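# Sequence first, predicted model second:
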Amino acid sequence: MSFVRTVLGDIQPHEMGLTYSHEHVVIEESFPTIANPDFVLNNTELISTELKEFYQLGGRTLVDTMPANCGRNVTKLATVSRNSSVNIIAPTGIHLEIYYPPHHWRYNLSDEELASLFVKDIIEGIDEYDYGCPIVKRTPHKAGLIKLATGDESITQHQRKIFQSVVSAHLETGAPILTHTNGGKHAIAQAELFLKLGADLNHIVLSHIDKNKDTGYHKELMQTGVYVEYDSHFRWKPGEENWTYTLLENLLPEYSSRIVIGMDMARNTYWKSYGGGPGLVFLLTTFRKELAARNLDAYFEKLFFTNPQNLYSFKNIS
């Protein structure tokens with residue numbers, strides 16, 4: 001039976017309601033925030049305030065995407081979920097190399113050892129210390145997806161090890177997979193590697209693909225069976241073409257069952273509660289109005305309800 005695993009427990013897919021598919025709800029002070037101080041998102045009161053507004057406008061679920069030992073704080077994710085009544089799906093897995101110190105344990109562990117850590121996050125509960133301490137203390141808050149990332153360069157041997165560990169955990173648990181791409185690069189190579197490793201492409205989403213302006217590339221990618229996630233809608237500069245909307249106009253008529261949408265607000269300067277913008281409710285206000293203006297409002301249900309429910313559900317897990 002399908003289910004979705006949130007930090008406060010398992011729910012049925014239809015209980016997800018309106019879902020944002022790629023977010024950063026909490027980023028604790030950590031190695032990534034040393035170089036990027038505006039990545040810090042750890043004030044539970046401010047975060048809860050913004051999530052409450054999201055809930056009031058109809059939002060129900062957020063997919064967090066900060067994986068193991070690079071700013072993840074599952075206790076705070078659980079706190080803001082309780083405060084706001086918003087479902088939060090927490091990740092395990094490994095992010096891009098730049099978000100870890102040079103001699104991090106990710107480089108020394110085998111793919112089997114990494115997979116074991118991911119499986120325990122999913123089945124037993126995420127470590128309170130986020131694998132940053134010799135003591136592991138499992139919380140009751142379990143991971144509901146697995147993340148990996150590739151950069152500008154071709155997929156490296158080390159990244160292939162991460163792919164193997166993530167797919168092993170995915171096959172053992174049934175957990176969905178979310179990936180990071182830099183500017184949509186190497187997305188097709190990611191999909192091909194997942195296929196080679198035996199992953200279920202119906203439960204894999206590749207993020208930030210709308211940074212790539214080639215509609216043919218998008219079509220080829222979605223024909224593999226993966227989902228794509230778009231989140232650049234508010235990032236295009238004033239006066240230039242908003243390629244997120246252009247891509248949606250060209251692709252939704254044929255590929256509406258393969259696209260999901262997020263905000264990816266990894267900087268506190270994007271959060272209204274931190275004094276920035278456009279704020280979490282952008283997709284429920286400005287974006288939705290733009291869809292209607294372009295005669296795309298009929299696809300809203302798939303983008304925010306049907307597709308996330310299919311994508312983020314677990315399959316065949318005991």
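Yes, it's here.
# Just the buried residues of stretch 288-298, please?
Residues of stretch 288-298 classed as buried: 288, 290, 291, 296 (neighbour count, 16 or more other Cβ atoms under 10 Å). All C-beta atoms are positioned from the backbone trio N, CA, C, and that covers glycine.
# contacting residues for the second one?
Yep, that's residue 290 we're talking about. The contact partners of residue 290, taken as Cβ atoms under 8 Å, 6 or more residues apart in numbering, are 233, 245.
# For the host helix or strand of it, C-alpha coordinates in CSV please.
Element membership of residue 290, judged by DSSP states H and E, is helix 286-293. Taking Å, rounded to 0.1, in the frame of the first residue of the first chain, the C-alpha atoms of helix 286-293 are listed here in CSV:
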residue,chain,number,x,y,z
THR,A,286,1.8,35.5,-8.3
PHE,A,287,2.7,32.1,-9.9
ARG,A,288,-0.9,30.9,-9.9
LYS,A,289,-2.1,34.2,-11.5
GLU,A,290,0.5,33.9,-14.2
LEU,A,291,-0.6,30.3,-15.0
ALA,A,292,-4.2,31.6,-15.4
ALA,A,293,-3.0,34.5,-17.6
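# which stretches of the stretch 201-318 of the chain aren't confidently modelled?
316-318 (pLDDT under 70).
# ranges for the helices of it?
215-222, 243-255, 286-293, 300-301, 307-311 (DSSP state H, counting those that start in this stretch).
# Run a quick neighbour tally on the closest residue to residue 183 other than its chain neighbours.
Nearest residue to residue 183 in three dimensions, chain neighbours excluded: residue 211, at 4.3 Å (Cβ to Cβ, 6 or more residues apart in numbering). By other Cβ atoms under 10 Å, the residues close to residue 211 number 18.
# And residue 18, by the same measure?
By the measure other Cβ under 10 Å, the count of residues near residue 18 is 19.
# Just to check, it is in contact with residue 55?
No. Using Cβ atoms under 8 Å, residue 18 makes no contact with residue 55, being 9.6 Å away.
# Do a quick rundown of the strands in the stretch 151-300 of the chain.
Per DSSP state E, counting those that start in this stretch, the stretch 151-300 of the chain carries strands over the ranges 177-180, 204-207, 227-230, 259-261.
# Given the first one, what are its sheet partners and their directions?
Sheet pairing here is set by DSSP bridges, and for strand 177-180 it gives strand 145-149 (parallel), strand 204-207 (parallel).
# returning to that earlier point: okay, the angle between the helix holding residue 290 and helix 243-255?
Using axes from the mean of the first three to the mean of the last three Cα atoms, to 10 degrees, the direction of helix 286-293 lies 50 degrees away from that of helix 243-255.
# so how far is helix 286-293 off the chain centroid?
How far helix 286-293 lies from its chain's middle: 23 Å, per Cα atoms, centre = their mean, to the nearest Å.
# and what of stretch 91-110?
From the chain centre to the centre of stretch 91-110 is a distance of 17 Å (Cα atoms, centre = their mean).
# how long is it end to end?
End-to-end distance of stretch 91-110 (Cα to Cα, to the nearest Å): 20 Å.
# Touching it from outside, list them.
Looking at what lies outside stretch 91-110 - Cβ under 8 Å, 6+ apart - the contacts are 31-32, 64-72, 114, 117-118, 121-122, 126, 131, 143-151, 158, 161-162, 165-166, 169, 175, 177-178, 180, 182.
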